[in-house]
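> What follows is a predicted structure for the sequence shown.
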There are 2 protein chains.
Amino acid sequence: MSKEILVVGSVAYDTVATVRETRERQLGGSASFFALAARLFAPVRAVGVVGDDFRQADLDLLSSRGVDIAGIERAQGPTFHWSGRYHADMIERDTLATELGVFADFQPALPAGWAASPYVLLANIHPALQLDVLEAVDAPRLVVLDTMNLWIETTREALLAVLARVDVLLVNDSEARLLTGETGLKEAAAAIAELGPKRVVIKKGEHGALYFGPDGVLAVPAILLPEVVDPTGAGDTFAGGFLGWLADRGVDRDAPDAEFRRAMVAGTAVASFCPQAFSVEALADLERDRVEARMAELSAMMTP
Amino acid sequence: MSKEILVVGSVAYDTVATVRETRERQLGGSASFFALAARLFAPVRAVGVVGDDFRQADLDLLSSRGVDIAGIERAQGPTFHWSGRYHADMIERDTLATELGVFADFQPALPAGWAASPYVLLANIHPALQLDVLEAVDAPRLVVLDTMNLWIETTREALLAVLARVDVLLVNDSEARLLTGETGLKEAAAAIAELGPKRVVIKKGEHGALYFGPDGVLAVPAILLPEVVDPTGAGDTFAGGFLGWLADRGVDRDAPDAEFRRAMVAGTAVASFCPQAFSVEALADLERDRVEARMAELSAMMTP
């Protein structure tokens, strides 16, 4: 059974300032973090766009880790650039700049054969683009979508259209409330299921993540880290571990909920590496045995 | 084996304002919340002080639920009064007034026979008073202490003196960091163990609680509530369920860590009722079977 995961999202340069250090124009973007996490478990096909300033070494990094970058178009103009500054708590952050560059005119295009990809991750981009990709694939086994408050507030109709065709939604707690108008997260997940996605993941950063599915709620704590260096991309890394795990096991949208609950632990384990270094540094050389050690650590943390 | 729990703390009137409603001078205080939770599992002996304005009905409420109030002295002057206003998120709050009243001159005194109490809960009061109570008891089986940023910042020496004689410390995450100077919570718990308490509970409100003991870390999520009416006292209620569970099972400070891990689930389950109503309303008529149903719900939430 084929396991390929198609991801569409941003491939970007991030400038990240923390109290201790600033790193300029490091590899970032939702597709980059996702791909470097998911490739630990299954083949990844990345769809995105970069500018003429994008370093070949960064493309080489992705492909050397087994990510198929045939879907990353190189366009004329600057690469999408995000710049932000974290507060001392390493949670709150201020966005200093969002320069879309070549991403402003991005039209996802699938290389030959990719329409048959069984797994699809629609990373956090405009819902109209997410829908374009869904229209371009044949009959995926499982579709996972990430979104954010910007799209919920400004493109709600388009978001609802794509949500109707999605199996799993990934959001954070305030986004789940914003999308549904519900205060309680259990009620919000139930309202989201009415919109399409029968399974909902609510990401809570250092407090872990919640999963809502047919068998009820699962709460997975975050791994306790001695220090957070740069949390940028941790949510996308979670998504990569989560869907990578499911793809590796050939899970489809009607599989037992236990498969998805286990994938929550895998996603949390992979995501825990991301904040331990800037950019994708902690993911580039990550190996599956280290992920499995953290999965065991999480299981111990969850055993009363 | 006797199971009595001695609690020393505040017995207070709280004025709580939320976005929806304001309630004036309702029964509150750490000892009240603790006692009404712990009495579900074991006999509770309360030590505190109230003023001449304190309603007899509130004392009757405590004693009708099996709390021995022989240690609650009635003094001349006003009862300790706390007033606060919650933000719309029901997490952030502003303290509007803290009127110590008769609590300013509180000197804990133990009724005859109470020195033999096997379990001691030193609720969140001045560490010098906590130490006075510890000096007055004979040889408790287990001592649990709650504290807050105020005492860490203003009475650190006295706090360290009492911590050296305590088995379990209850704090929140920012207090753990403030006390130890460590950023990572695992590192903070290890530093606290050096100060005395070999077991540490870090309370995280709607995100649950962490337990650090000899067998490692346990993360217990919070029950997901449809609505938070008034979170005041949830931490004290947790402490009541936690120590009540341990007392009921005759646990001492050298017991297997599994006993304490299970007590975390009991504490979390009892605490989940507190925010569902103002003051102690949700605790007054609570029964153990409803707590056990929520313990089962938590176990399901923790099973991948």
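Thanks, I have it.
> Could I get the full set of helices for chain A?
A:30-38, A:56-64, A:127-136, A:149-154, A:156-163, A:173-180, A:185-195, A:234-248, A:257-271, A:281-284, A:288-301 (DSSP state H).
> Any chance of a markdown table for those helices, columns distance to B:Val168, mean neighbour count and mean pLDDT?
Quick note: C-beta positions are derived from backbone N, CA and C, even for glycine. Output for the helices of chain A, formatted as a markdown table (distance: least, CB to CB, whole Å; neighbours: other CB atoms under 10 Å in any protein chain shown; pLDDT from 0 to 100):
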| stretch | distance to B:Val168 | mean neighbour count | mean pLDDT |
| --- | --- | --- | --- |
| helix A:30-38 | 38 | 31 | 98 |
| helix A:56-64 | 48 | 15 | 98 |
| helix A:127-136 | 49 | 19 | 98 |
| helix A:149-154 | 40 | 15 | 96 |
| helix A:156-163 | 46 | 17 | 98 |
| helix A:173-180 | 30 | 20 | 96 |
| helix A:185-195 | 30 | 18 | 98 |
| helix A:234-248 | 32 | 29 | 98 |
| helix A:257-271 | 27 | 24 | 98 |
| helix A:281-284 | 35 | 19 | 98 |
| helix A:288-301 | 19 | 16 | 98 |
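> Select, out of those helices, the one closest to B:Ala42.
Closest approach to B:Ala42 among those (CB to CB): helix A:288-301, 27.9 Å.
> what inclination does the closest one have with respect to helix A:30-38?
Orientation check (axes from the mean of the first three to the mean of the last three CA atoms, to 10 degrees): helix A:288-301 against helix A:30-38 gives 90 degrees.
> Tell me which other helices or strands helix A:288-301 touches.
Packing partners of helix A:288-301 (3 or more CB pairs under 8 Å, 6 or more residues apart in numbering or on different chains; DSSP states H and E): helix A:257-271, strand B:216-220.
> Geometric centre of chain A: which residue is closest?
By CA atoms, centre = their mean, chain A has its centre lying nearest to A:Asp236, at 2.6 Å.
> can I assume that one is in contact with A:Leu36?
No. When contacts are counted by CB atoms under 8 Å, A:Asp236 is not listed as touching A:Leu36 (9.3 Å).
> about what we covered before: which residue sits closest to the residue nearest to the centre of chain A, ignoring its sequence neighbours?
A:Phe33 (3.7 Å; CB to CB, 6 or more residues apart in numbering or on different chains).
> any idea how far that neighbour lies from chain B?
23 Å (CB to the nearest CB, to the nearest Å).
> With A:His87 instead?
Taking CB to the nearest CB, one finds A:His87 at 13 Å from chain B.
> Ignoring the adjacent residues along the chain, who's closest to that residue?
Nearest to A:His87 is A:Arg93, by CB to CB, 6+ apart, at 6.6 Å.
> do the same with A:Phe41
A:Phe41's closest residue in space is A:Gly244 (CB to CB, 6+ apart), at 3.3 Å.
> now do A:Ile5
Per CB to CB, 6+ apart, closest to A:Ile5 is A:Tyr119, 4.2 Å.
> Let me see the contact set for the residue in the stretch 51-200 of chain A that chain B sits nearest to.
Proximity of the stretch 51-200 of chain A to chain B (CB to the nearest CB) peaks at A:Gly184, 4.0 Å away. Contacts of A:Gly184 were listed using CB atoms under 8 Å, 6 or more residues apart in numbering or on different chains, and they are B:224-227.
> Which two of those have the greatest separation?
Across those (CB to CB), the longest gap, 10.8 Å, separates B:Leu224 and B:Glu227.
> if we can go back for a sec, how about the contacts made by the residue nearest to A:His87?
Per CB under 8 Å, 6+ apart, neighbours of A:Arg93: A:84-87.
> and it, what pLDDT?
On the pLDDT scale, A:Arg93 is placed at 95.
> do you know how far it is from A:Gly84?
From A:Arg93 across to A:Gly84, the span is 5 Å (CB to CB, to the nearest Å).
> Surely A:Pro304 and B:Met302 touch.
Yes. The pair A:Pro304 / B:Met302 is scored as a contact, 6.7 Å apart, by CB under 8 Å.
> who in the stretch 201-304 of chain A is up against chain B?
Counting by CB under 8 Å from any CB of the partner chain, the stretch 201-304 of chain A comes close to chain B at A:204, A:207-208, A:210, A:216-221, A:224-228, A:258, A:261-262, A:264-265, A:299-304.
> Chain B contacts on the stretch 1-150 of chain A?
So far as CB under 8 Å from any CB goes, the stretch 1-150 of chain A does not lie against chain B anywhere.
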